[in-house]
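**Q** Next comes the sequence, and after it the predicted model I'd like to discuss.
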Amino acid sequence: MPTRASIGISVIVLWLAGCNERRDPAPAPTPQPTATRQPTATSKPITSTVPDQITVTTNEPFYSVKVAADAVLLTGVDLPERRLKIVDRAIAADRRSWTARDDRGTLIVTAIRTACEDDMSGAPRDFMGTLTLGDRTVRGCAFTGTPAPLHTETAETIPAIFLGEWNSDAAACANPAMSIEGVRVTPSEILFHESAGRVTRVEPLAPDRVRITADYDGEGERWTATQTLRVTGNRLTIATDGRPISRVRCPN
């Protein structure tokens, strides 16, 4: 017959056995890193209908900017040529933009594929262009190569509004012998200091604007030039291949 002591020992043994059968809760699973899918390059390079070399011209002020491989060349009336290094480019399907700098500042050139008419010559162009110098933006047209002149009805002589003596300023007009900037326009000729052009074609574009073709002779050379003449008040502007000069009318 079991004694009281043996019964107590049995109870203790059973209690210890119950404790040993307990299981600590299983540890929470360690989160596994989720694989990240790397984006794949599926976008195609952007192509543009605007070429990467182009010329932009503006009127009043008269600027001409030629975009080359790594720089833009800026010229204008009474403005020495500036060469600005291209530091940034932007491209879209219908436009291009170039940012260029030199020690005098920043120039932004933009060309857009849209029809444009030169507001001085009336010639059609395939691109519109803008030039931003500092906080000023001027609009013009753009083209590649040497654009063909616009064919219009022709006249035989230069209209009277363009005729006369023109020079760089009033002082030069007063003493033309001391100036090499003078221009004389007759009904059939344009006479510069060292060259003379015989007019072979005159195309009226507006009451104050004509395009002429002239055969030039000067300094032992001969050439043919197409030029646009425009009179604004007492000032004559002559543009040759986008490079304009400006002169004031001299008193008779």
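**A** Arrived safely. Just so you know, these numbers come straight off a predicted model, no measurement behind them. Numbers count the residues shown, from 1 in each chain.

**Q** contacts and neighbour counts: CA atoms only from here.
**A** Noted.

**Q** mind listing what's buried in stretch 57-75?
**A** For stretch 57-75, a neighbour-count test (16 or more other CA atoms under 10 Å) marks 57-59, 62-67, 71-75 as buried.

**Q** Same check on stretch 94-114?
**A** 95-101, 106-113.

**Q** Looking at those, point me to the pair that's furthest apart.
**A** Spatially, the most separated pair among the buried residues of stretch 94-114 is Arg101 and Arg113, at 24.4 Å (CA to CA).

**Q** List the contacts of Met120.
**A** 59, 209, 228, 230 (CA atoms under 8 Å, 6 or more residues apart in numbering).

**Q** For these, give me JSON lines that also has secondary structure, pLDDT and distance to Ala239.
**A** Formatted as JSON lines, these follow (DSSP: H, G, I helix; E, B strand; the rest coil; pLDDT from 0 to 100; distance: CA to CA, whole Å):
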{"residue": "Asn59", "secondary structure": "coil", "pLDDT": "83", "distance to Ala239": "10"}
{"residue": "Arg209", "secondary structure": "strand", "pLDDT": "89", "distance to Ala239": "11"}
{"residue": "Thr228", "secondary structure": "strand", "pLDDT": "92", "distance to Ala239": "5"}
{"residue": "Arg230", "secondary structure": "strand", "pLDDT": "93", "distance to Ala239": "9"}
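
**Q** Quick one, grab the pLDDT at Ala142.
**A** Listed pLDDT for Ala142 reads 92.

**Q** What helices and strands are in contact with the helix or strand containing Arg198?
**A** For Arg198, the enclosing helix or strand under DSSP states H and E is strand 196-206. Applying 3 or more CA pairs under 8 Å, 6 or more residues apart in numbering; DSSP states H and E, one finds that strand 196-206 contacts strand 189-191, strand 209-218.
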